[in-house]
Every structure is written in structure tokens, then in C-alpha cells.
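Participant: Here's a sequence, model it:
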Amino acid sequence: MPGLEFSLRQAFDHVGNHIVLTICAPIVLIESFLGPEWRLRPWLGRPGLAVVGVLYLLGSLLIFSDSSGRKGFLASPFQLAFAAVVVLVLVAVALLPRWRRAHPRRARRVPHPLWVGLPVALVRFGADLTPGWAGVAIALALAAAAGGLIAYLSSGVRWGQRHVLVAGTAGLAAAAAFAYLVPPYSPASPAAALAGDVAVTVITVALLGGAWWRSREGRRPAITLAATPL
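Facilitator: Numbering: from 1, shown residues only. From the prediction side, this is the model:
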């Protein structure tokens, strides 16, 4: 990115992975394991949000104090200001009143939950087809198309918790599959690397299978699109 001096492709990959894998997937898994009477309740009130915010800042300072984690890099004031502005804009958009209003469900067909994971998987696999700016354009287009399609389908009356589960964890399943194709973070023997990949697969399958069972149709509540603060 001219002027900002960072890789838009790496920003898309790393930030996107954190959104899908670090934030969305754990929330979807936990809410799928919970009973219907708990899924749509806010996780935290104002005191809890304040405590989590303080802990987040303290954790960020702890990571920043580790010079080995920064690898000698320090963002410029302009880069930090740009990041802060982006965060504030996203928070302001998320707090708009329109996200707090319930929207009527529409009588449209909704595919089987497993099909919902297909566009998410296509984003994961298709984003690496082409390097350079063309690859960035393809990745952004795929992500926008998948997000728009899921938003459209989720307004149907037959959209249930299993659809939410698959949409939120398809990226997690794809990441577990990709683990066999990438080297480990730390040097390890082939046997140790394979054992780690198999362990990740077993844990992922157990979590997804348990969440799928817990969110079976008999347990699914009527879901509205009214946003609830976390």
C-alpha cells in the first residue's frame, strides 16, 4: 500500500483469519453447544465489557513489551493513526441503531446447512490462486460475495443454528485440513509434525461434531436477526 507501507495481501490474510478463526469460530462453537435459551443472550454486560477491555489492553502491553515478538519492527505514527481510525470507524458502524432492530424473516428457500460452508471454503481455497494485486482483488471479491450470500440466506425463515455453525466454522475445518500442507511453526521431526496435525484434526472434528449434535433441529430456537451486544 503506497504511503502506508504494508502488504494489503498479508493484512487480508492475517486480519481475515483472526476474524474467522479467532473470533467467529469460537463464538459460533460455544453458542452451538449452549441450549436454545442461552444462545441469543448477551455474553457480557457493561461491567464485563469494561473488565475484558482492560484485560485486552494489559495483554497488548505485555505482548508489546516482548521485543522478540516485535522482531525489531515498530509501526510509524501515521500507520498507528491509520489503524486507530479504522478501528474507530468499524466500532461506530457496528453501533449504528439499524443493527439493533429486528428484521422480518422472509419465506425463501435455504439450502442444507452443509452447503452454506461451500462459499466460505471457496474463499479459503480461491484466495491463493493468483499472486499480486490480481490475487488481492480476487480474494476481496470472493469474501464480499460469500458474505453477501450468507447475509441473504440468513434472512430466510428456515435459517437455523446449524447454518450458523457451518458458516462460522467452515474456515476452521479448512485451516485444519491445510495444516498437513504447511510446515510447523517450530522445527520438528516429520513424526512430531504429523502427530501435531492429527491432534488438530481430532480436536476440530470433536468440536464440530459435538456442536452439530447439540444444535440439532429439536433444540433450535426461533432465531431473529436482532443483534445482541457481546
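Participant: okay, CA-based contacts and neighbour counts for the rest of this
Facilitator: Fine.
Participant: Mind listing what's buried along stretch 193-201?
Facilitator: Across stretch 193-201, burial judged by 16 or more other Cα atoms under 10 Å covers A193, G196, D197, V198, V200, T201.
Participant: In the protein, what helix or strand scores lowest on average pLDDT?
Facilitator: helix 67-70 (a mean of 68; mean pLDDT, DSSP states H and E).
Participant: rewinding a little: go through the buried residues of stretch 193-201 and flag which are in helices.
Facilitator: Counting by DSSP state H, these place A193, G196, D197, V198, V200, T201 in helices.
Participant: Just give me the neighbour total for F12.
Facilitator: Residues within reach of F12, counting by other Cα atoms under 10 Å, total 15.
Participant: ok, now how distant is the residue lying closest to L8 once chain neighbours are set aside from V86?
Facilitator: Excluding the flanking residues, the one nearest L8 by Cα to Cα, 6 or more residues apart in numbering is M1, at 6.3 Å. Distance, M1 to V86, using Cα to Cα, to the nearest Å: 15 Å.
Participant: When the two are compared, which one has more neighbours?
Facilitator: V86 (12 against 8).
Participant: one step back: give me the residues contacting the following helix or strand past the least confident helix or strand of the chain.
Facilitator: Next helix or strand after helix 67-70 toward the C-terminus (DSSP states H and E): helix 77-94. Contact partners of helix 77-94, identified using Cα atoms under 8 Å, 6 or more residues apart in numbering, comprise L4.
Participant: Now do the residue lying closest to S155 once chain neighbours are set aside against G45, distance only.
Facilitator: Leaving aside its chain neighbours, S155 sits nearest to R105 (5.2 Å; criterion: Cα to Cα, 6+ apart). Going from R105 to G45 by Cα to Cα gives 28 Å.
Participant: repeat for V85
Facilitator: Taking Cα to Cα, one finds V85 at 25 Å from G45.
Participant: and what of H18?
Facilitator: Using Cα to Cα, one obtains 24 Å as the distance from H18 to G45.
Participant: More neighbours: these two, which one.
Facilitator: Each of H18 and G45 has its neighbours counted (other Cα under 10 Å); H18 has more, 13 against 10.
Participant: Specify the local secondary structure of P104.
Facilitator: State at P104, reduced to three classes by DSSP: H, G, I helix; E, B strand; the rest coil: coil.
Participant: One more: A188?
Facilitator: Here A188 is coil, with the state taken from three-state DSSP.
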